[in-house]
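Enquirer: the following comprises the amino acid sequence and a computationally predicted model.
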Amino acid sequence: MPEPDRIRTYLETAGEQIRWERARRVVIPELRQHLEDQRDAFAAEGQEEAERLAVEEMGDPVSVGAELDRIHRPKPQWGLLALTAVFALAGTVLRVWLTADWTDTYQNLDPLRAGLAFILGCGALLAGYFLDISCLGHYAGRIYLGFLAVTLLVWRFSPQVNNVPFYARYVVLCAPVVYAVWLYTCRAKGWRGLLMAVLGGVPLALFCCWIPYMLALVSLLAVGFVLMLMACWKNWFGVGRWKSLTFFGVCVAGIIATVGYWCLRSGHAVRRLATALHPETDPLGMGWYGLNIRHSLEISQWWGQGNWDGAYPYEMAMPLCESDSLLTTMIYRLGWLPFLLLILMFVGLVGCLLVRCLRQRSQLGQFLAVTVVMMLSVPALFSVAWNLGFTWNGGFFPLLIGNVTTVLYMGFMGLALSAFRGDSILRDQVCNADYHPRYRIKVSIQRL
């Protein structure tokens, strides 16, 4: 057999044993590189027929391919997929069921719209699950610039609702994912990469402020803080752990000082905080929300509907009962026990995500998984606080409240589960030896 055909024939035979197409596209190039490295090493030693020796040393191609097929198989995430779908379905049913007998009509309570949102959400969940997320890292720069352009257009032309561009609020909810893939491209670029990582979040934060959407801004800041802390601690920029942490600490201190100065100067945030703590001080303003919520909780029972003693029907006295205050409505109509079970179910979902993301070998997969965990946790905390009477800032409960947000967050869940599913074939750019593609294939071969 001619020398140039030996490696090609070996790779074709080994590739036929690997059933997952995505794995074949990743593993075969790495196997080729390993064979070529071994061939070059034999040639440098003066060995004749270096390519034949490299192929023979690798072993039987059928056995090698079968073992690589065993190692690089998709890891199905059917449990988390089902749990996500069940939680979203529970939210759809609760929103429609708990308010079905009320005379007031809300657009979000239309059963057809809610059902369509759930179906589209399941489609988004599966689309994200089967997506090859390595393309997000490959096209991160284009995704970042495209997101800025789309946000600007939507912000400019979106219809105004309460002086806020309505659709732009949904667009900026994607900002944490965009920042995660942007931060991934800044790795191993030294001080330039560290500076790019910090400055890359500024336009995203400004859009959240201009719209304005406080919940999106807090989610972005929380995700950025956690991801940057991870990156600096693991020295992913290559400037040294403590130098990175020091620089990041100075940036965080500057952000805190700026936000604190703005809050103290405007006084609005301070007044909202004071009202959230003591709603009785502003019973006709923002305190009205807190007073009604706390009254609903006081008359609620552990099981079954509470006894509403107000002058008006519950749906008229309780603001945002189909959206921000849905959990309060659930406690009043069903009791505390179903509410606690729902929260435990959500905590279990987020906990499973967190445990699995800590096991991720790919930095891109870990970035996306951590981002989704934070994106689920931050709005959930705001929502639970609001529904327990701390009405500083309202918000939706992920996968439970809202039609468009349900579709978006089911798609985000799909991205995280895609990272878990394809962890064995996700590859990062070279940052250190542990993540070098040649090192990874050698480790796989050593298992044979």
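Expert: Perfect, I can see it now.

Enquirer: CA atoms of the helix or strand containing Leu342 as PDB?
Expert: If you go by DSSP states H and E, Leu342 is part of helix 336-358. Extracted as PDB, the C-alpha positions of helix 336-358 are listed here (Å, rounded to 0.1, in the frame of the first residue of the first chain):
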ATOM      1  CA  TRP A 336     -48.500  27.100  51.500                       C
ATOM      2  CA  LEU A 337     -47.700  23.400  51.000                       C
ATOM      3  CA  PRO A 338     -48.100  23.400  47.200                       C
ATOM      4  CA  PHE A 339     -46.000  26.500  47.000                       C
ATOM      5  CA  LEU A 340     -43.200  24.900  49.100                       C
ATOM      6  CA  LEU A 341     -43.300  21.800  46.900                       C
ATOM      7  CA  LEU A 342     -43.000  23.900  43.800                       C
ATOM      8  CA  ILE A 343     -40.000  25.800  45.200                       C
ATOM      9  CA  LEU A 344     -38.300  22.500  46.200                       C
ATOM     10  CA  MET A 345     -38.800  21.200  42.700                       C
ATOM     11  CA  PHE A 346     -37.200  24.300  41.300                       C
ATOM     12  CA  VAL A 347     -34.300  24.100  43.700                       C
ATOM     13  CA  GLY A 348     -33.800  20.500  42.800                       C
ATOM     14  CA  LEU A 349     -33.600  21.400  39.100                       C
ATOM     15  CA  VAL A 350     -31.100  24.200  39.700                       C
ATOM     16  CA  GLY A 351     -29.100  22.000  42.000                       C
ATOM     17  CA  CYS A 352     -28.800  19.200  39.400                       C
ATOM     18  CA  LEU A 353     -27.600  21.800  36.900                       C
ATOM     19  CA  LEU A 354     -25.000  23.100  39.300                       C
ATOM     20  CA  VAL A 355     -23.600  19.700  40.200                       C
ATOM     21  CA  ARG A 356     -23.300  18.700  36.600                       C
ATOM     22  CA  CYS A 357     -21.800  22.000  35.500                       C
ATOM     23  CA  LEU A 358     -19.000  21.600  38.100                       C
END
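
Enquirer: off-centre distance for that helix?
Expert: Chain-centre distance of helix 336-358: 16 Å, with CA atoms, centre = their mean, to the nearest Å.

Enquirer: report the buried residues of it.
Expert: For helix 336-358, the neighbour count (16 or more other CB atoms under 10 Å) marks Trp336, Pro338, Phe339, Leu342, Phe346, Leu349, Val350, Cys352, Leu353, Leu354, Arg356, Cys357 as buried. (Glycine included, C-beta is placed from N, CA and C.)

Enquirer: surely the last one meets Leu417?
Expert: In other words, Cys357. No. Taking contacts as CB atoms under 8 Å, Cys357 lies outside contact range of Leu417: 10.7 Å.

Enquirer: show the average pLDDT along stretch 92-112.
Expert: Stretch 92-112 carries an average pLDDT of 71.

Enquirer: what about Gln301, how many residues nearby?
Expert: Counted with other CB atoms under 10 Å, residues neighbouring Gln301 total 14.

Enquirer: nearest to Trp78 among the buried residues of helix 336-358?
Expert: Set against Trp78, the nearest of those by CB to CB is Cys352 (12.5 Å).

Enquirer: element containing the nearest residue to the closest one once chain neighbours are set aside?
Expert: Leaving out its chain neighbours, the residue that sits closest to Cys352 by CB to CB, 6 or more residues apart in numbering is Leu80, at 6.1 Å. In the assignment (DSSP H and E), Leu80 maps to helix 78-97.

Enquirer: chain center to that helix: distance?
Expert: Its chain's average C-alpha position is 18 Å from that of helix 78-97, according to CA atoms, centre = their mean.
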